[in-house]
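A.B. asks: sharing a model that was predicted from the sequence below.
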Amino acid sequence: MKPDQNSIDEMIERHLPSAPPHHVEAAGIRVWQRLSNANPSAATPLEARLHASGWTAGRSAPRTIVSYAAVAALIVLAVGLAIVWPSAGVAVLEAADSSVYRVANGTTERLAPGQAIGRGEGVRADGGAVLRLADGSHVEMRSMSELSFERGDDGLGIRLQNGSIIVSAAMREAERLYVKTKDMTASVAGTVALVNAENNGSRVGVIKGEVQVREGTVETRLRPGEQVATNRTAPPRPLSEEVGWSRQADPLRAILATFQKGMEISAGPMTKVAVPAAAQQATGAAPASRAADATQEFEEASVRPCDPDNIPEPPAGARGGGANSFQMTPGRTHALCMTVATLIRTAYGYAPAFAFTNNGRARGFNYNNVYGLGVEDGRRVRGGPDWVLSERYTIDAVAADASDAATMSGSMLRALLEKRFHLQAHVETEQIPAFDLIIAPGGLKMKEGTCTPDPSAPPPRSTNDVVRKNLDAARRGATTAAPCGLALAANGPNILEVSAGAGVPPFNGVLGVPVTDRTGIPTTARFNYVLEFSPDDTTSGPLGRILPGPPNGPDVQISSDPGAVPRAPNIFTAIEEQLGLKLVPSRAPQEFILIDHVERPAAN
Amino acid sequence: MPIAALSQAAGDALANDFEALFREHYELVYRTAYSVTGNRHDAEDVLQTIFLRLLRRQSANLGSNPPGYLYRAAINLSLNIVRSRRPQGPEEELERLPAPPEPAAPEPDDPIRRALIDAIAQLKPRAVEILILHYEHDYSDAQIARMLGTSRGTIAVTLYRTRARLKKLLTRTMTETR
């Protein structure tokens, strides 16, 4: 028995999970902060006592930093995926730091990420949590917060019983979105707002957009940076501190700080943009363009080339903040070291050429956010000299009146480009190579199947976590487990696409061209499968190439010995052999911007 | 009576006791929960739940053996979490990937580790208490006996039987996986 005893002893010693010391301390600080928040109304709040005692000296709690790279990767992976919304729910639990419960009909049930919350149901979060509403709005809950969803007079109401939330509300056309506390109601459509509900009153602060707050018969309009409290004796607290608990607080601050530093370094002095009509007549100058004629213009602007040897980088792993970032605040537009082609694409309101949703149109910008726009590769913006794709300019522009974000980023930016770069361009539509997806002559091989939940499992931390989780089951076509959907990773030189109960696979993100589903398979059908193909010139879409690994990109490699993995067939063969589907060449219309004329700008 | 309604002195005293209790034992609770559940999210959840319950109970008095109480609570709660990880019928599907909550390195993906966690979840709580004190916290048999209020002999026998049981469970799991 002795040898057996030793081997099991050694196995336990080696494989029993043991918390790394830095986890222990970080977890202790995080939990202590949440516990302190659970007792905000105590005569001497725990947090204050803790702070005074120096246990968290310097407040250096290792706040969870969102992995920009992983988030970006997952956002990229989501390109081309059809979102199926649970029919019964108004919201879905998207992520949770700790236990989140659904409270309904007097019962409490633990919620897992991906599970839906219905109207009339409550949500209680012991730790931080993020809910996503059907319209794309997000509600981030602070630990120890409780809310419920209810039908409002003319929209959806979120009743915040206690705690704090940050609502990133999408623009709503038909319905409004309210946040109600016991003593006020805030209308938050198209805004980002912080709402606190405490025993001694409520507080609303606006981060983005305009929020209408009603307290009794008194209505107040709040703009970014402004806040109102129903308890008049409560001391005001800076919004930047108020949102410190948010999981987005640090990355947002980092991106913002990098962007502002880049603007300070690269922006030049402002000069007048709009030329008075009388002066124009006196000089005989011809109107520069249709946009400049017909629209508002920036009053002053600075356009300055960026030093190619000092191009600002975004914070580690983030897309925004560095070169090719764009931000607007009311009345002001900032573009940091953007190529002229990217500026043109932005001003004309288009997304990169590989985006085939929304007819190729960009989704638009909100105030204050810093957007990383990527570099236009010459496929959406064509023509003009080579330097439009490489030389970068920083633009800082001021509008004379309260122009909205869409006008500033659209027609006003176009007018500025026409004035300063003498840009002349037009939009054309062209039939471009595309593919139709059909069932291969040998019949469908991917297996129909469902994906079941795993309520206790924590949310995935990386793409390859998701892929690994369902790889074996999906390969067998067996039932897979949440998170359901499509996930991609690298297996040696190959790309692995793992479907956990996803629909007919979209391939436009892989191929970089439009793909039309002509399989006739109902959109409700779900499949569990694994597709493994070797990327090549034909897979030019964002999902058709293997991203660099850390530190410049997310770790997507699942093989421990990538060099030993044999090369898989190309996408066309793989689809037919592995899924029983076939891509047939076809054509589809696509709009692009053609540069007729452009010049380097004169100095400010 | 809610904490807010306590007198300031009483509230302060409670907060003092609570803070001391947390400071002294959070590491024991977290590391125990991590060893049983195998991941930091659940471990943090266990730590928070145990102290939140104490906070709501408004008492930091855990009798004569606070670490023993907290340790047993950590083991029981952790085992509940691991044992509840079973599919619970179809849910409505979402074709999307939830945003990752943390950037940190993923928990090691080790099949033996997974098998070990599953096997431990099938043990009796008392056996798990002894096992984790021995392997994770490096307690001697005498220290374990003191903490759990029993004899050294009982600890030694239980440890021996637990290893044998684990060996059996692991052998079965690994055979099934092949």
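C.D. replies: Great, that's in hand.
A.B. asks: show me where the stretch 401-550 of chain A has helices.
C.D. replies: A:405-407, A:413-420, A:463-476, A:508-511 (DSSP state H, counting those that start in this stretch).
A.B. asks: put the alpha carbons of the last one into PDB.
C.D. replies: When you say that, I think you mean helix A:508-511. Coordinates of the C-alpha atoms in helix A:508-511 are reproduced here as PDB (Å, rounded to 0.1, in the frame of the first residue of the first chain):
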ATOM      1  CA  ASN A 508     -18.200  37.200 -44.200                       C
ATOM      2  CA  GLY A 509     -16.000  38.000 -41.200                       C
ATOM      3  CA  VAL A 510     -13.600  35.300 -42.300                       C
ATOM      4  CA  LEU A 511     -13.600  35.900 -46.000                       C
END
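A.B. asks: returning to that earlier point: and the helices of the stretch 401-550 of chain A: which comes nearest chain B?
C.D. replies: helix A:463-476 (5.2 Å; Cβ to the nearest Cβ). C-betas here are computed from N, CA, C, even on glycine.
A.B. asks: can that closest one be found next to chain B?
C.D. replies: Yes. Helix A:463-476 is in contact with chain B by Cβ under 8 Å from any Cβ of the partner chain, via A:463-466, A:468.
A.B. asks: mind putting those into TSV with distance to residue A:516?
C.D. replies: Shown next, in TSV, are the residues of helix A:463-476 next to chain B (distance: Cβ to Cβ, whole Å):
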residue	distance to residue A:516
A:463	27
A:464	31
A:465	32
A:466	27
A:468	32
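A.B. asks: can you say which of those are buried?
C.D. replies: Among the residues of helix A:463-476 next to chain B, the ones that count as buried by 16 or more other Cβ atoms under 10 Å in any protein chain shown are A:463-466, A:468.
A.B. asks: so which residue is smack in the middle of chain B?
C.D. replies: Nearest residue to the geometric centre of chain B (Cα atoms, centre = their mean): residue B:33, 2.9 Å.
A.B. asks: now do the helix or strand hosting that one: distance to the chain's middle.
C.D. replies: Applying DSSP states H and E as the criterion places residue B:33 in helix B:8-37. Remark: helix B:8-37 is offset 14 Å from the chain centroid, using Cα atoms, centre = their mean, to the nearest Å.
A.B. asks: in it, what's buried?
C.D. replies: B:11, B:14-15, B:18-19, B:21-22, B:25-37.
A.B. asks: try stretch A:12-28
C.D. replies: For stretch A:12-28, a neighbour-count test (16+ other Cβ under 10 Å) marks A:12, A:15-17, A:19, A:23-28 as buried.
A.B. asks: tell me the one of these nearest residue A:306?
C.D. replies: Closest approach between the buried residues of stretch A:12-28 and residue A:306, by Cβ to Cβ: residue A:26, at 38.5 Å.
A.B. asks: is chain B contacted by whichever helix or strand the closest one is part of?
C.D. replies: For residue A:26, the host element (DSSP H and E) is helix A:21-37. Yes. Judged by Cβ under 8 Å from any Cβ, helix A:21-37 and chain B are in contact via A:23-24, A:27-28, A:30-32, A:34-35.
A.B. asks: next, the angle from the helix or strand containing residue B:71 to helix B:8-37.
C.D. replies: Under the criterion of DSSP H and E, residue B:71 resides in helix B:66-83. Per axes from the mean of the first three to the mean of the last three Cα atoms, to 10 degrees, the angle that helix B:66-83 makes with helix B:8-37 is 50 degrees.
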